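Chemist: I would like the atomic coordinates for the input below:
(chains A, B, C and D)
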Number of protein chains: 2
Amino acid sequence: MSQAAATGDSRRRANFEVRRQAIIDTSALVFARQGYHATGIMELCAANRLGKGALYHYIGSKEELLAAIHDRVMDEVMAGADRVAEAGGSPSQQLSLLGDELLDVIHRYPDHVWVFLHEFPALTGERAEQFRERRRAYERRVEAVLEAGVETGEFRDIEPRLTAMAWLGMHNYTYLWLKPGGPLSARDVAKPFADIFMRGIANPSE
Amino acid sequence: MSQAAATGDSRRRANFEVRRQAIIDTSALVFARQGYHATGIMELCAANRLGKGALYHYIGSKEELLAAIHDRVMDEVMAGADRVAEAGGSPSQQLSLLGDELLDVIHRYPDHVWVFLHEFPALTGERAEQFRERRRAYERRVEAVLEAGVETGEFRDIEPRLTAMAWLGMHNYTYLWLKPGGPLSARDVAKPFADIFMRGIANPSE
DNA sequence: CCCCGGTTGTACCGACCAGTCAGCCTATAA
DNA sequence: TTATAGGCTGACTGGTCGGTACAACCGGGG
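Modeler: Numbering: from 1, shown residues only, chains lettered A, B, ... in the order given. Next up, the predicted model:
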């Protein structure tokens, strides 16, 4: 029965994916703690309670695993940016929401983000290219919001690119200390950050 | 004559130090490009045009070399902070000067700063402890300026620690794109950054 | 002149690296 | 029950790692 075969197959594939994701998440923690190059395959095996063969059954290579961690972060970040775009609103509101979403990802995936910000140079070839492009795409979305704000007169006449980098730095840098279970929630940080930045670029004549 | 011996000795020692510094600088470039763990000792030898024995004559170990790069950066950053403290002035002026100095270091030592921000987890034991302390010391200086500004009423009632981290992130993150020879000087970036941040935390009732 | 100590090249070390492979185990489908 | 295939094992490989040992070199002072 092709139906039964299909369900059996898809169940197996689903199970495979679940396990694979668990491996990616566990490995992200190890990479974050020790560094990508400093972590041996055998340490990943121990952390995941798997033999070498089993681990390689789920990941193609060490670098592919690293790429998967990067994708996990970028998927979340881009999804957040999409939600913001759908929500609409003024450039100020958009920028504020972007901050909420970005800090939420950093807060929820501290290990993945750490790896993403520290080990991205370890990606090579095709993968490196693809990742850089996604990263730039996100930067451009921030830039676009700033440009829009300047155009509407909501923001003063700032350099969009330079200002976007300032905004990104302010937010991304929280990966060093913003952790789940810590004293501050993502929102606790996003609000004062948005306050500083909005006042910083607001058009005083409005 | 002990005088002659002393001068001969000190000249030799000076020469040793000059060479050592050159090795540290060259190695910083290689580490910045490839990563600390991804760089082999033989690559450092090639970059410095030295044999293995000669290289180890100047550096005690790979990690000691990494620590030397960290120290180089922190020495410059702390010296900048000292100059600012000596210059005096209002908290706003102090913070603005701190930004100038910090971006100047990032602009002048892009490789060292890159290594410093990416590879500090590779330091172990005593060295790691010492480095973390110096880093925290700098963070506290920024924090202190913010506290002073709140006290004088120059700044609105912001969280000094959180705001310091925002300021640090905004400035440190420039290591990704601020390079000597690029289109922007350190001052070109420091000025608009200070504009954003000062307006962002200014006390509106003043 | 030789000799001395800072300097340097090179052979070598054990440890560890990422990745492979032949084959075993087990659950499912026929 | 048997055939099949996905899940998994761990010994093994060729190569590279950081670091060391040691002999040779060299320039300057006695």
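Chemist: use CA for all of it now, contacts and neighbours both
Modeler: Fine.
Chemist: please name the residues that touch A:M198.
Modeler: A:M198 makes contact with A:S92, B:G200, according to CA atoms under 8 Å, 6 or more residues apart in numbering or on different chains.
Chemist: in which helix or strand does it reside?
Modeler: helix A:186-201 (DSSP states H and E).
Chemist: what residues sit buried inside that helix?
Modeler: For helix A:186-201, the neighbour count (16 or more other CA atoms under 10 Å in any protein chain shown) marks A:A186, A:V189, A:A190, A:P192, A:F193, A:A194, A:I196, A:F197, A:M198, A:R199, A:G200, A:I201 as buried.
Chemist: what helix or strand is the residue of chain A found nearest DNA strand D on?
Modeler: Closest contact between chain A and DNA strand D, by CA to the nearest atom of the strand, is at A:G53 (2.8 Å). If you go by DSSP H and E, A:G53 is part of helix A:52-58.
Chemist: not counting that helix itself, show me its contacts.
Modeler: By CA under 8 Å, 6+ apart, helix A:52-58 touches A:F16, A:R20, A:I41, A:M42, A:C45.
Chemist: run a quick neighbour tally on A:V145.
Modeler: 21 (other CA atoms under 10 Å in any protein chain shown).
Chemist: quick one: mean pLDDT for whatever helix or strand it lives in?
Modeler: Per DSSP H and E, A:V145 falls inside helix A:125-152. Helix A:125-152 comes out with an average pLDDT of 96.
Chemist: off-centre distance for that helix?
Modeler: 13 Å (CA atoms, centre = their mean, to the nearest Å).
Chemist: and that helix with helix A:186-201, angle?
Modeler: With axes from the mean of the first three to the mean of the last three CA atoms, to 10 degrees as the basis, helix A:125-152 and helix A:186-201 are set at 50 degrees to each other.
Chemist: now do the following helix or strand past the helix holding A:G53: which elements does it pack against?
Modeler: Note on helix A:52-58: by DSSP H and E, the next helix or strand toward the C-terminus is helix A:62-87. Here helix A:62-87 touches helix A:2-34, helix A:91-108, helix A:110-119, helix A:125-152, going by 3 or more CA pairs under 8 Å, 6 or more residues apart in numbering or on different chains; DSSP states H and E.
Chemist: nearest to DNA strand C, of those helices?
Modeler: Of these, nearest to DNA strand C by CA to the nearest atom of the strand is helix A:2-34, at 4.5 Å.
Chemist: now that closest one: average pLDDT?
Modeler: 78.
Chemist: helix or strand next in line after it, which one?
Modeler: Moving toward the C-terminus from helix A:2-34, the next element (DSSP H and E) is helix A:41-48.
Chemist: state the pLDDT value of the residue most central in space within chain A.
Modeler: Centroid check for chain A by CA atoms, centre = their mean gives A:V73 as the closest residue, at 3.1 Å. Per-residue pLDDT puts A:V73 at 96.
Chemist: check A:S205 too.
Modeler: Reading off the model, A:S205 has pLDDT 85.
Chemist: okay, the helices and strands packed on helix A:62-87 in CSV with distance to chain B next?
Modeler: As requested, the helices and strands packed on helix A:62-87 are exported to CSV (distance: least, CA to the nearest CA, whole Å):
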stretch, distance to chain B
helix A:2-34, 7
helix A:91-108, 12
helix A:110-119, 6
helix A:125-152, 12
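Chemist: can you tell me the closest non-neighbouring residue to A:L168?
Modeler: Once flanking residues are discounted, A:L168 sits nearest to B:M170: 7.4 Å by CA to CA, 6 or more residues apart in numbering or on different chains.
Chemist: just the element for that neighbour, please.
Modeler: Using DSSP H and E, B:M170 falls in helix B:160-172.
Chemist: what's the closest residue to DNA strand C within chain A sitting at in phi/psi?
Modeler: Using CA to the nearest atom of the strand, A:G40 is the residue of chain A that sits closest to DNA strand C, at 3.3 Å. Taking degrees, to the nearest 10, you get phi -90, psi 160 for the backbone angles of A:G40.
Chemist: from A:F31, how far out is it?
Modeler: A:G40 sits 10 Å away from A:F31, going by CA to CA, to the nearest Å.
Chemist: of the two, who's got more company?
Modeler: Shown here are A:G40 and A:F31; by other CA under 10 Å, A:F31 has more neighbours (25 against 13).
Chemist: so how far is A:L176 from the more buried one?
Modeler: A:F31 sits 15 Å away from A:L176, going by CA to CA.
Chemist: related to what we said a few turns ago, rebuild the helices and strands packed on helix A:62-87 as a markdown table, extending it with distance to A:P180.
Modeler: Output for those, formatted as a markdown table (distance: least, CA to CA, whole Å):
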| stretch | distance to A:P180 |
| --- | --- |
| helix A:2-34 | 13 |
| helix A:91-108 | 6 |
| helix A:110-119 | 8 |
| helix A:125-152 | 24 |
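Chemist: how about those in CSV, adding distance to DNA strand D?
Modeler: Shown next, in CSV, are those (distance: least, CA to the nearest atom of the strand, whole Å):
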stretch, distance to DNA strand D
helix A:2-34, 5
helix A:91-108, 27
helix A:110-119, 17
helix A:125-152, 19
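Chemist: and of those helices, who's closest to A:M78?
Modeler: helix A:125-152 (7.0 Å; CA to CA).
Chemist: other SSEs contacting that closest one?
Modeler: Against helix A:125-152 (3+ CA pairs under 8 Å, 6+ apart) you get helix A:62-87, helix A:91-108, helix A:160-172.
Chemist: buried residues in that helix, which are they?
Modeler: A:127, A:131, A:138-139, A:141-150.
Chemist: and it with DNA strand C, contact?
Modeler: No - Helix A:125-152 lies out of reach of DNA strand C by CA under 7 Å from any atom of the strand, never closer than 13.4 Å.
Chemist: A:E154 reaches A:G200, doesn't it?
Modeler: No - counting by CA atoms under 8 Å, A:E154 stays clear of A:G200, with 11.8 Å between them.
Chemist: how about the nearest residue to A:Y173 once chain neighbours are set aside, what does it touch?
Modeler: Spatial nearest neighbour of A:Y173, excluding adjacent residues (CA to CA, 6+ apart): B:G169 at 4.8 Å. With contact set as CA under 8 Å, 6+ apart, B:G169 has these partners: A:G169, A:M170, A:H171, A:N172, A:Y173, A:T174.
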